[in-house]
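In: Sequence first, then the predicted structure:
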Amino acid sequence: MEHGSVDDSKASTFSIMDEDHTLANSVRFVLNQDPRVAFCGYSIPHPADNKVNIRVQTTGDPAKDVLKDALQNLTVMCQHVRGTFDTAVTDFRGNKPAEAMDIDLNKK
């Protein structure tokens, strides 16, 4: 949900339900890398609420478009990390037989 001024599309606050610091801090990081962003921050109104408010102020572009671009960039980053991780796991398992791995299944 977007909370912003009808007259000024450069500044808006977006409420995202069922999210926490994990997504909010990642989005904040990606937004702050964008030169179009003048200010970005987030807050969680109350610990009992599963809601994050992300404030975006831009240098000219609509805040909604800048947030959308940041979320798309974050998706690409996550896909890259997942692909790299999966490749590393496959390579590791392919280079070592299971018997040679030092795995203690009784450890807690």
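Out: Received the coordinates, thanks.
In: Quick one: the strands in this structure, in order.
Out: 2-4, 11-17, 37-43, 51-58 (DSSP state E).
In: and V76, which of these is closest to it?
Out: Among these, the nearest to V76 by Cβ to Cβ is strand 37-43 (17.8 Å). For the C-beta atoms, the positions are set from N, CA and C on the backbone; glycine is no exception.
In: What lies in contact with the closest one?
Out: 24-25, 27-28, 31-32, 52-59, 66 (Cβ atoms under 8 Å, 6 or more residues apart in numbering).
In: now the helices: where do they sit in the chain?
Out: Counting by DSSP state H, the chain has helices at residues 21-33, 63-95.
In: For the ones you listed, give me a markdown table that also has mean neighbour count, mean pLDDT and distance to N106.
Out: As requested, these are exported to a markdown table (neighbours: other Cβ atoms under 10 Å; pLDDT from 0 to 100; distance: least, Cβ to Cβ, whole Å):
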| stretch | mean neighbour count | mean pLDDT | distance to N106 |
| --- | --- | --- | --- |
| helix 21-33 | 16 | 96 | 32 |
| helix 63-95 | 13 | 94 | 21 |
